[in-house]
Structure formats: structure tokens, C-alpha cells
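Q: Need a 3D model of the following:
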Amino acid sequence: MIARFTEACRASPLDLSKDELTARSRTQNRPQCLSCEQDIFLGFFFDGTNNNKYRDTDAFAHSNVARLYEAYSGEPTVAKLKILKKTAKPDAAAAWSAAIPKDEKKYYRKTYIPGVGTPFIELGDTGEGSDNTLGLAASMHGEVRINWALLQLSNHIHAALMGGNPLSEPLADDGKLAREMLEKSLASGVPNRGRSVVLQERARMLGKAIAPIIRGSPTIRSVRLSVFGFSRGAAEARVFCSWLQKYYSDGIAGIALKIDFLGIFDTVASVGLANSVPIGGVEGHYAWASVENLQVSSAVKRCVHLVSAHEVRGSFPLDSIGSGAQHKEVVYPGVHSDVGGGYPPNDQGRSVGSGEAGDAKKLSQIPLAQMYREAVIASVPLLGSKDFDDFHQSNFKIDPGTVKAFNDYIGATRFGSGKPSGVMWLTETQAEEPLLQIIRRHYGHFLRWRKSMLGKVHLLPGMSASLDSAAKKTQDRHDLHTTDLALQQELNMLEKYVPVVSELSVWPAKVGDWNDGVSAEWYKQEAVLPASKVLFETLVHDSRAWFKPSNFSDDDQAWFNEGGMEKARRIMIKSIETEQERVRLSYSLSDEQMKLVEHQDYKKNIERIENLKTNKMYPVKSGGQEPIRLYGYLRWRHVFGVAVQPALPQEPASKEKTRKRALEKQQHENNLQSLNQQNSNARKRYQEGQISAQAYAEALRDNILRSNAERQRHAAAMAALA
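A: Take a look at the predicted model:
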């Protein structure tokens, strides 16, 4: 897996170099006589986990996939996707490149697929309850999204040739048919109508409908596809291309299919049980995200994969595309969504600014610009920068301060040198290196900065400067402080580790990482680079701090905008009031010393209640981050080379599932037993006067939340293994 670290951001980030313009001229391959021959251009855009442009755009939190979709010249699948229970803002009117003549516009079309964990009502995904939690945790409803996109292929061709009318109704009818196509439900394992049968039937229907047209003039020479994706959407995009090749290798309805471009950001599969689940052999390549399906199809003419150097969550292992003459894998500084987009301005005190100004400061704007250029080189029909209206200009704008911080880091960390090569690396001068080597070197820079910030990372100036609400800043500070304390605990455990043999634990793998370079990077006697300090403190987010998979509480929308925090506020007030009464009645009135302590606690609790009621104090979502004994910061990100590795032999499915269900059940029982023991310990410390009534009440509340979260996690894991 050979890759390169990214180059510095250009002065004009969207413009092509002379060599790139020459390469683009070779990929255009337009018919010499447009009245005699025509191509149909289709774009498919698979958004990332918990990314949805209809929900996110107003908050400047829409992903890079959504921004590229908006810049693609073409008519959308439908004028407005009915993917939300509330009324969604419709797509803007189709934008067109000045290079596309008016009478050719009918041949340009596009489809947007919202990310798993968000609503897509017609596909049976409400984006709420178990649809949300299993979508985020296990990529539930991922396969049905790919099926739906495959159906839109025939719809688009029919619409291009038949006056804009699709072959079938894209939402109600195709939503139902996409669900029927599922060969196996992720949750229940119930066989359904086969994908191959449906797609071949659709091809016959399309062929019959367009037969009179394609016998005329102009002749339809080919359908040229461009496919984009981020996170699990990148995995979906890869599988979409593989299935196009599998089911339509000879074309559809007599028309050849060509995949001009596959542009993806930081692929994460994590389908079914993710790599972060503490069961040996679990890696998230279940159901549709098999090793075979994730291989980049040989039909793809140009594949560009931009990946994160600083992502470390166990739930987000990287699926590399592997090396190849038509493959380009580029490593970018930042975590997962610093590459693929999706953070709002001001989050965690990064990219501080109001609206469009804050949006332009985000680190993710720079990889967005590279993906735009890469797509243009492949002759993807994106708007030219001169065609941008105010909305598109805002989507692609990059603040000069961000460019400087980025370029300073690129210059300060430069390692070796290289030169342009082949058809993929046209301007690059960074050295070609193994992908893991690049990622680990740059994660080392992060670790040394993180070490320098122990105990104070939640006090960064950006947290005070952030324009977020006081409640949001309180939550961010709490998350950063909590994981900072956990990092110190993680370090202590690794330094004092005593080998323990456990078949059910991946702890030895973490120790292996510690001994395989992580400790050396942590303790390296090397000053933190000034450029690293600026980048990590102002632009790079901490994805571990806010991500809480064990209690599914990483949904800020539900917490801040849909009443979650207010409900927690009422529960906290009631809990404190109940504890006040319990404490008051639990001691003898003759015990003067206890009466004094009780009086002091009572006064403090009265003040806490008043502060909660008057917004001087805010409830926070506590706990739920990936456990430090398994993951944390002091580890390497796992990288799968699925694009080049054969599938490993597996046990019979039924036997394997039975084994994993037994392991999961045992893990669940152990987790609940541990929580019960924590309750007992807290009760004992309270009774012995080691902690206050307030601290005891908070411990009980936190453990109730953790117990509920553990039961939800267990239910999701068992559903995925059904």
C-alpha cells in the first residue's frame, strides 16, 4: 500500500496545473460529432455516517461529498428527497457549467444518498431509535442505500432519453423495491428477493422502453459514471462500483457503462460488528462490506482516496484501496471528518468564526479542493470555478489563515522527496512511502503535542473564543477534560502493565502497539513543532472526545435541539432533591458534626439546583467513549488492506455466529457485573464518609446511564449477530 503525504495547498486551490490540464484533455474523450453520438453523464454521491445535507447545510456542517454534489452539473433524481419527517429544504435549481450546451443538459444527471444513521424514510430508515443507533454502530440500512442507487441508474438513463421521466417512481416505488432486493437482512437474516433478478429485470424494462430512441440519432455511445463517498459512504461507493461491474459488465440495455472516477474520503466499513467490539476476529467486514465487494473495481479508470493521518478511534479502522496504476492514496493531517468534512464551525474551539467565515476556516476545505481538482482531471462535469454562484463559492472557500497553518505543517514535517510519476501523480513531490509509515509518523507528531497538553487541553483559547452556545462549550470542555484524565489513566496502565492472557480481550494488541512504536513516539525527546501546535490547537478536532459509542450519546442534534439536555436537567434536579431528603433523614439529630456536614452539602445542593434552573450550570453527557483498556489515544489506527488481500477462510456461518453470540453474552454479563460492583464501592465510600452525598448521587446517576447504555450496546451487537 504505497501512498504519499499531501502537498501544500495551492494559491488557487481549485485551478489545475499545466500538466493536469493536459491530462484532462486526454480523459475528455468526447464524440467528434455530437449530433451523431452522445454520452450520458451520471454522478452518484454517498454521504458519510451521520451526514445528511438536508439536515446539515444550514449549520455549515455539510460534508465534502454534499458540497461536490452541489457542484455537479446535472438534474437530481427528484426535485426534493423526502428523507426527513420535517420538511426538508429542496435541492437548489440545477447548476450548469458554461461548457455544457443547452440541448445537451438532458444527458447530465445526479443522485445523492444520505449517510447511514440519518433518515431515509422511503428506504425504511427513520433515522431514529434503533435505525439511528444501529445505523451509527453497525451501518444498518447501508445495503438498501446501494440497492436504491443501482435502481437510479436505469431511472436516469430513461429520464435522459424520454423527456425527463424516470423508469419508475424513485422514492415510493424504488424504495420498496430496494428493500426487496436485500439478499439478507442485517438484523434478521431473512432471505429476500435477489438483487441480480431485480437488476436484470430492470435492464429488460429499460431496453424495451428506450429501444425506439437508441435506434435513432444521436447514438448513445456510453454512460459515464462518477462516484463519490465518505466514511461508510465511501465503502458504499466502492461496493456500488463492484456491483455495477458484477451485474452490468456488458452494459445495460445495449449501452456501455464506464466508471470515469471514484473519489472517496477515508473509507470506513464497520458493517455489522465493528472493529471496536471486544471480540476476537471481529473486524466490521460483514454482509455487503465483504473483502471482495470492497475491492476497487478494475472498471474504475481513476480512483483517488484521501485518508486521515490522525484518526485513532477503534470504531473507525481505515480500509485502504491498495496500490495500483489507477489508484492514488493521499494522507492528510486531521481526523476522519477533518478530511471528509462534517464538523460545524466552532466545534471544540476549532475553526472559530461565524457562519460562512468559520466554515472557510475548516481544515476539511483543503482536501475538498484536491478532490475537486482530481475529479476535473477525470472530466467529471463539475462546475468551473467561474460558474460558481454565491452558494458554491461559500462551499469551496478556504480562509488564508487555514492555508498558512496547513502549509506550515506540511513544510515543517516534510520527509524525503519524490517526483511526479505515471498518470496519477502529476505534480507531487512528496516521497512515495508505505501508507502505514506515513500515518504513524504523523500520529507521532500528534502524540508529542498531546503529551505537552496533559491536564490542560480543555483550556485551549479556542474554547473561550468559540461562538457556540454556553451549553455546547460546557459539553465540549467536559468531553475534552474527561478524555484527558482518561489519557493519564491509559498511560499509567501501559507503564505498569502485567501480561494477562484472555481470549476475549484485545488488550494484548494494544500493548503490542505500545511496544511497536507508540511508546517511542510518546517519549521521544523532540520538541513539539510550532507548526504542529498551531494546527492541532486551532484546526484538528479530537474525534475520540465526543464519540460515545457505548451509550450512543454522540447525537448533538438530539441533545441540544430535540430536548435531550432539558430532560437531563429535570432528572438532575429531581435526583438532587431526592438525595437531599434521603441524606437529611439518614442521620441522628444528636450527631452535631454530621449535622454540620449535612448543612454544608445541603447548601451546596440548593445552589446547584438554582444554577441548573437559571442556566448558570448545564447538564452534560458523561462517559461512553471507547474504553482505554482496548483503545484510547496510545495506539495505532488499524488499517485494512482489503483491496489487495484475499478473504480468509471462515468457519461455517451458523457455528461462527453461535460462538460470537456466546462471547458477546459473556462480555455483557461481565460489564454489568462491573457496574454493579462500582455501585457497591460508591455506597461503601459514602457510608464511610469518604465522599459527599452529592458525589454519591452523581456516581449512582452515571452508573444508571452506563447500565442503560450497556444494554443498548448489547442489543445492537446481538441483533447484528442474529
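Q: okay, CA-based contacts and neighbour counts for the rest of this
A: Noted.
Q: Residue 473: how many residues sit nearby?
A: Using other Cα atoms under 10 Å, residue 473 has 21 neighbouring residues.
Q: Leaving out sequence neighbours, find the closest residue to it.
A: Counting by Cα to Cα, 6 or more residues apart in numbering, the nearest residue to residue 473 once its immediate chain neighbours are dropped is residue 463, at 6.7 Å.
Q: now swap in residue 452 and tell me
A: Going by Cα to Cα, 6+ apart, residue 452 has residue 528 as its nearest residue, at 7.9 Å.
Q: surely that neighbour meets residue 449?
A: Yes. Taking contacts as Cα atoms under 8 Å, residue 528 lies within contact range of residue 449: 5.7 Å.
Q: What ranges does the stretch 201-350 of the chain have for its strands?
A: Remark: strands assigned in the stretch 201-350 of the chain by DSSP state E, counting those that start in this stretch are 219-230, 256-265, 303-308, 318-319, 327-332.
Q: before we move on, what about the stretch 1-150 of the chain?
A: 2-5, 37-46, 75-76, 108-113.
Q: Turn these into a markdown table, including distance to residue 261.
A: Rendered in a markdown table, the data for the strands of the stretch 1-150 of the chain read as follows (distance: least, Cα to Cα, whole Å):
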| stretch | distance to residue 261 |
| --- | --- |
| strand 2-5 | 18 |
| strand 37-46 | 10 |
| strand 75-76 | 19 |
| strand 108-113 | 14 |
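Q: what about the residue nearest to residue 473, how many neighbours?
A: The burial count for residue 463: 23, using other Cα under 10 Å.
Q: Check the secondary structure at it for me.
A: When classified by DSSP: H, G, I helix; E, B strand; the rest coil, residue 463 comes out as helix.
Q: That one: what's it in contact with?
A: Counting by Cα atoms under 8 Å, 6 or more residues apart in numbering, residue 463 makes contact with 348-350, 473, 477.
Q: Most neighbours among the residues you listed, which one is it?
A: Going by other Cα under 10 Å, residue 348 tops the contacts of residue 463 with 33 neighbours.
Q: so where is the stretch 501-650 of the chain shaky, pLDDT-wise?
A: For the stretch 501-650 of the chain, residues meeting the criterion pLDDT under 70 lie at 501-507, 550-565, 568-569, 580-602, 616, 642-650.
Q: all helices of it, in order?
A: 507-513, 519-523, 530-538, 543-546, 556, 564-585, 592-613 (DSSP state H, counting those that start in this stretch).
Q: and which of the contacts of residue 463 is nearest to residue 669?
A: The closest of the contacts of residue 463 to residue 669 turns out to be residue 477 (Cα to Cα; 32.5 Å).
Q: buried residues in the host helix or strand of the closest one?
A: Element membership of residue 477, judged by DSSP states H and E, is helix 470-495. For helix 470-495, burial by neighbour count (16 or more other Cα atoms under 10 Å) applies to 471-484, 486-487, 490-491, 494.
Q: same deal with stretch 381-398?
A: 381-384, 387-388, 392, 394-398.
Q: so which of the residues you listed would you say is closest to residue 370?
A: residue 396 (10.8 Å).
Q: dump the residue contacts of the residue nearest to the closest one when sequence neighbours are not counted.
A: Spatial nearest neighbour of residue 396, chain neighbours left out: residue 365 (6.5 Å); criterion: Cα to Cα, 6+ apart. Contacts for residue 365 (Cα under 8 Å, 6+ apart) come out as 64, 341, 396-398.
Q: Just the ones in helices from those residues, please.
A: 64, 396 (DSSP state H).
Q: Return the member of the contacts of residue 365 nearest to residue 209.
A: residue 64 (36.2 Å).
Q: Which residue, other than its chain neighbours, is closest to that closest one?
A: Using Cα to Cα, 6+ apart, the nearest residue to residue 64 is residue 341, at 5.1 Å.
Q: picking up where we left off before, who has more neighbours, residue 528 and residue 449?
A: More crowded of residue 528 and residue 449, by other Cα under 10 Å: residue 449, with 20 against 16.
Q: Please identify the buried residues of the host helix or strand of the more buried one?
A: Secondary structure from DSSP H and E places residue 449 in helix 435-452. Neighbour-count burial for helix 435-452 flags 435-436, 438-440, 442-451 (criterion: 16+ other Cα under 10 Å).
Q: Among those, which one lies nearest to residue 72?
A: Scanning the buried residues of helix 435-452 for proximity to residue 72, where the rule is Cα to Cα, the winner is residue 435, at 30.5 Å.
Q: ok, now which ones touch that closest one?
A: 1-4, 331.
Q: Turn the buried ones among those residues into a named ChimeraX selection, would you?
A: Remark: buried members of the contacts of residue 435, expressed as a ChimeraX selection using 16+ other Cα under 10 Å:
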select :2,3,4,331
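Q: JSON lines please, covering the contacts of residue 435 and showing distance to residue 682 and pLDDT.
A: Output for those, formatted as JSON lines (distance: Cα to Cα, whole Å; pLDDT from 0 to 100):
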{"residue": "1", "distance to residue 682": "50", "pLDDT": "78"}
{"residue": "2", "distance to residue 682": "52", "pLDDT": "92"}
{"residue": "3", "distance to residue 682": "51", "pLDDT": "96"}
{"residue": "4", "distance to residue 682": "51", "pLDDT": "98"}
{"residue": "331", "distance to residue 682": "46", "pLDDT": "99"}
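Q: got the CA positions of stretch 52-62 in PDB?
A: Extracted C-alpha coordinates of stretch 52-62, given in PDB (Å, rounded to 0.1, in the frame of the first residue of the first chain):
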ATOM      1  CA  ASN A  52     -27.100  14.400   5.700                       C
ATOM      2  CA  LYS A  53     -27.000  17.600   3.600                       C
ATOM      3  CA  TYR A  54     -30.700  18.300   4.100                       C
ATOM      4  CA  ARG A  55     -30.100  18.500   7.900                       C
ATOM      5  CA  ASP A  56     -26.600  19.800   8.000                       C
ATOM      6  CA  THR A  57     -26.200  22.600   5.300                       C
ATOM      7  CA  ASP A  58     -27.900  25.400   7.300                       C
ATOM      8  CA  ALA A  59     -25.400  24.900  10.100                       C
ATOM      9  CA  PHE A  60     -22.400  24.800   7.700                       C
ATOM     10  CA  ALA A  61     -21.800  21.200   8.700                       C
ATOM     11  CA  HIS A  62     -22.400  19.500   5.300                       C
END
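Q: which residues touch that stretch?
A: 51, 63, 66, 88-90, 114-115, 118, 341-345, 355-356, 359.
Q: Same question for stretch 367-374.
A: 13-16, 64, 68, 263, 304, 306, 332, 339-340, 382, 396.
Q: filter those residues to the buried ones?
A: Judged by 16+ other Cα under 10 Å, buried ones among the contacts of stretch 367-374: 13-16, 64, 68, 263, 304, 306, 332, 339-340, 382, 396.
Q: Widest-spaced pair of those residues?
A: It's 332 and 382 that sit farthest apart of these, by Cα to Cα, at 23.1 Å.
Q: on that earlier part again, redo the strands of the stretch 201-350 of the chain as a markdown table? Include distance to residue 164.
A: Listed next are these as a markdown table, based on distance: least, Cα to Cα, whole Å:
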| stretch | distance to residue 164 |
| --- | --- |
| strand 219-230 | 16 |
| strand 256-265 | 20 |
| strand 303-308 | 30 |
| strand 318-319 | 38 |
| strand 327-332 | 35 |
